[in-house]
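**Student:** below are the sequence and a predicted model for it; my questions follow.
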Amino acid sequence: MLSRPGLPSFDYVRAGSHDEVVRLLVTGGPDVRLLMGGTDLLVRMRDGVVRARTLVDVKHLPGMRTIAYDSAAGLTVGAAVTMNQLASNADVRAHYAILAEAASAVASYQVRNRATLGGNLCNASPAADTAPAVMVLGGRLVLCGPEGEREVPIDEFFLGPGKSARQANEFLTAVRLPPPRQGARGTYLKLGRNREGDLAVVGVGVLGSPSSEVPPGYAFSIALASVAPVPLRATAAERLLAGQKPGGAAFAAAAQLAAQEARPIDDVRSGVAYRRAMVESLTRRGLETVWRGLSAASSGRGR
Amino acid sequence: MATHSITLTVNGAKEQVDVASNWTLLQLLRDRLALTGTKNGCSAGECGACTVLLNGEPVNSCLVLAVEADGANVVTVEGLAHDGQLDPLQQAFIDEGAVQCGFCTPGMLLSARALLTRNPHPSEREIRQALVGNLCRCTGYARIVRAVQKAAG
């Protein structure tokens, strides 16, 4: 007897070149879907939510599963790099710790062995755990299409639930992060219905670093998951922090602004009021955590 | 629908099989190779009953296409015992009473085996984190965690 329920019929193609992928996307239209980790796609196909005649496996293309770090150029993460690869990579942990932390927050260890950074971003779920991290780190997405490559800043990538700036004839090949900000500290705080393994009810990414460009001497970036149609930068909160001395009062005010910027909905995981309250709470906690790290580093340098 | 001729190593034995594009690794193991120790629970990557080791790392075999396992090394619960000797984890599950209905056990064992391979002396928290993707609905996690601790020595 066949294990139930099986997957609907489709053809599997292991892509041999970037050109082949683009050609299949152009000629196949919506009948063609890209396969990376499959942890979302195969579930949705089994449920009949997504239909496809052809799955194009792009994870074996050159560069798709490699992580390259250069102190001058920054980090390039192939789109098919898995969450566990990110979480355990020495360069990512040393220079972009918030990304490793966010990758470890996704689902379970087994899922993280298959789920990819590119898949997490291209699904364009508002709850994508890696989105806030890539946002506060200033990531850019490399898309390959008929005209060649183009880069899209992540702040312009998410257009709505399941909708992104990726065109139907394009595929994501890599995520690029600029060189790490000197002395940066970051954290990703995730609240789920369980302590681990669940989708985010609220996710908050906070990155702070010494900066001579803003009067307080420290710049903060904040991004929110699962509280709007898209992963969201808390820009009003960031602006407030750019003009105030870091500390409890500024963090509390910024957290309140972040809660106002959130546009949550009621759904199976949580309600509007609770999500808003948790944005405030987690943003304040994130800022305080990051600030403790920044303060310790600064006193460690003898200042 | 296309079929693919793949070769893979399952529990140390080379296998060459033709699989349809839409077959999962779980279907290949259970329905073609008759390795029914691996269970089909939720078919959605939530319960972990279908966990096997793919090139040494635990994955949900319901979310891996059989064709994706071409060239891979797969270990299922049937491959844990060697020379008639249970894996120390299997013995610890028996000794600690960590098996009740047994449906989650094969997946639990493979997740735990992978944990002990990468981290031979995990803390209780590390054990629980490693088993987040393996749901048990009857034995209870306390005995399972204790069994993993016992196997770790």
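**Tutor:** Here it is on my side, so go on. Given the structure is predicted, the values throughout are model-derived calculations rather than measurements.

**Student:** the domain parsing of chain B - what is it?
**Tutor:** B:3-79, B:88-152 (automatic domain parsing).

**Student:** endpoints of the first one, how far apart?
**Tutor:** Think domain B:3-79. By Cα to Cα, to the nearest Å, the extent of domain B:3-79 from end to end equals 27 Å.

**Student:** then stretch A:212-230?
**Tutor:** Termini of stretch A:212-230 sit 31 Å apart (Cα to Cα).

**Student:** run a quick neighbour tally on the residue of chain A found nearest chain B.
**Tutor:** Closest residue of chain A to chain B, Cβ to the nearest Cβ: A:Ser108 (2.5 Å). Using the backbone N, CA and C atoms, a C-beta is placed for each residue, glycine as well. Neighbour count of A:Ser108, defined by other Cβ atoms under 10 Å in any protein chain shown: 27.

**Student:** host element of the most centrally placed residue in chain B?
**Tutor:** By Cα atoms, centre = their mean, the mean C-alpha position of chain B lies nearest to B:Val52, the distance being 3.1 Å. Counting by DSSP states H and E, the element that carries B:Val52 is strand B:51-54.

**Student:** low pLDDT regions in chain A?
**Tutor:** Filtered on pLDDT under 70, chain A yields the residue ranges A:1-5, A:301-303.

**Student:** again, but for chain B
**Tutor:** In chain B (pLDDT under 70), no residue qualifies.

**Student:** tell me how far the strand holding B:Val52 is from the chain's mean position?
**Tutor:** In terms of Cα atoms, centre = their mean, to the nearest Å, the centre of strand B:51-54 is set 5 Å apart from its chain centre.

**Student:** could you dump it to PDB, C-alpha only?
**Tutor:** Provided in PDB are the C-alpha atoms of strand B:51-54 (Å, rounded to 0.1, in the frame of the first residue of the first chain):
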ATOM      1  CA  THR B  51      12.900  11.000  10.400                       C
ATOM      2  CA  VAL B  52      15.900   9.200   8.800                       C
ATOM      3  CA  LEU B  53      19.600  10.200   8.400                       C
ATOM      4  CA  LEU B  54      20.400  11.600   5.000                       C
END
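
**Student:** for that strand, packing partners?
**Tutor:** strand B:57-60, strand B:73-75, helix B:105-118 (3 or more Cβ pairs under 8 Å, 6 or more residues apart in numbering or on different chains; DSSP states H and E).

**Student:** OK, contacts around A:Ile98?
**Tutor:** Residues near A:Ile98 by Cβ atoms under 8 Å, 6 or more residues apart in numbering or on different chains: A:Ala133, A:Val136, A:Leu137, A:Gly186, A:Thr187, A:Tyr188, A:Gly205, A:Leu207.

**Student:** hang on, I meant A:Ala127
**Tutor:** A:Leu199, A:Ala200, A:Gly203, A:Ala225, A:Ser226.

**Student:** fine, thanks again, bye for now.
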